[in-house]
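Asker: starting from these lines, generate the structure:
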Amino acid sequence: MTLEEFVGRMRAALPDGTEMCNPGGGTTTVLDCDDARLCYRRGRSRFCVALAALHEAYLHHAGMTVTTTDLKTYAPQVFDSRGGGHNCHCTVFFLALQRMGLASAFWGKGRVGAPFGVTTI
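Answerer: Down below sits the predicted model:
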């Protein structure tokens, strides 16, 4: 899937104002999804993540089982709060893939030893 196709699918699946239930509790609200980034609110915090980074992560893990731990190891600068990214990007990525029809339902508990995960298509 090209970046353009990925962006188009994501924008169609996540119009502004979309609310998604986080597997660990609370909600994520899409503030804006343009050609370059996805901006969302989780609790009182606002986050933005580059769609190119999400596309690369999808291509790397396509057809595989992937966990939040895998994402943090793969691209800590995007998915790990201790590596310059943010942990919330993991779950928003999984939620977006689900809404795009590119991932299974969540599993795991979101804890050490039982991270959240999905199987990508």
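Asker: please, which helix or strand holds residue 16?
Answerer: For residue 16, there is no enclosing helix or strand under DSSP states H and E.
Asker: ok, it touching residue 34?
Answerer: No - using CB atoms under 8 Å, residue 16 makes no contact with residue 34, being 9.8 Å away. All C-beta spots, glycine's among them, are computed from the backbone N, C-alpha and C.
Asker: now for residue 114: which residues touch it?
Answerer: By CB atoms under 8 Å, 6 or more residues apart in numbering, the residues touching residue 114 are residue 108.
Asker: quick check: it vs residue 24, distance?
Answerer: Counting by CB to CB, to the nearest Å, the gap from residue 114 to residue 24 is 12 Å.
Asker: now the nearest residue to residue 32 once chain neighbours are set aside: which helix or strand?
Answerer: Leaving aside its sequence neighbours, residue 32 sits nearest to residue 39 (CB to CB, 6 or more residues apart in numbering; 4.5 Å). Assigning secondary structure by DSSP H and E places residue 39 in strand 37-42.
Asker: show me what counts as buried in that strand.
Answerer: If you call a residue buried by 16 or more other CB atoms under 10 Å, then strand 37-42 has these buried ones: 37-38, 40, 42.
Asker: out of those residues, who's nearest residue 50?
Answerer: Distance ranking of those against residue 50, using CB to CB, places residue 37 first at 5.3 Å.
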